[in-house]
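>>> have a look at this fold, sequence not included:
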């Protein structure tokens with residue numbers, strides 16, 4: 001439902017009808033619309049964490065950065081509603097539960113540890129990196145949903161970033 005109509009279009013009444021349930025019965029499973037969002041937030045972060053854990057990362061900075069960027073931008077491009085829920089504040093009244101947010105922190109920590117292991121240790125370099133990959137993700141979703149216009153820019157973006165951070169050296 002959220003993939004088709006957007007994350008803000010979630011209706012518990014419509015969700016109940018979609019799963020052939022009386023609306024009041026849905027409250028047995030979810031206390032509120034925010035509880036549904038919280039479950040989606042946790043599920044999305046679990047999926048991203050699983051992908052990070054399956055990622056075969058090189059010990060060399062440039063190939064590692066390319067792999068991480070491809071993973072993240074592709075993940076974002078797969079599902080705009082999920083990307084909005086996980087990485088944008090499009091639902092003003094929604095705040096993930098501490099349990100769900102802990103999964104997001106684990107994703108962040110995993111990504112940060114991988115980047116640090118290949119030499120990306122300064123906070124400002126990490127901030128620039130997150131701006132780069134989130135920018136590519138947002139551009140892909142906004143300007144070529146279902147396509148690969150900005151995904152095709154990942155390797156050049158990583159090369160540019162790597163030259164800035166590492167210069168001619170690999171670490």
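Received, thanks. Computed from a predicted model, the values in this text were never measured in an experiment. Numbering: from 1, shown residues only.
>>> distance check, the nearest residue to residue 45 once chain neighbours are set aside against residue 30.
Nearest non-adjacent residue to residue 45, counting by C-beta to C-beta, 6 or more residues apart in numbering: residue 103, 4.1 Å away. Every C-beta, even on glycine, is put in place using the N, C-alpha and C of the backbone. Noted for residue 103: a distance of 18 Å to residue 30, by C-beta to C-beta, to the nearest Å.
>>> can you count the residues close to residue 56?
By other C-beta atoms under 10 Å, the residues close to residue 56 number 7.
>>> how far away is residue 111 from residue 139?
The value you get for residue 111 to residue 139, if C-beta to C-beta is used, is 20 Å.
>>> between the two, which one's more packed in?
residue 111 (21 against 15).
>>> so that one is in which element?
Here residue 111 is covered by helix 98-117, with elements defined by DSSP states H and E.
>>> and residue 89, by the same measure?
Going by DSSP H and E, residue 89 is not part of any helix or strand.
>>> just the pLDDT at it, thanks.
As predicted, residue 89 sits at a pLDDT of 86.
>>> just checking, what packs against the helix-or-strand element of the chain with minimal mean pLDDT?
None of the helices or strands of the chain scores lower by mean pLDDT, DSSP states H and E than helix 23-26, at a mean of 76. Applying 3 or more C-beta pairs under 8 Å, 6 or more residues apart in numbering; DSSP states H and E, one finds that helix 23-26 makes contact with helix 12-18.
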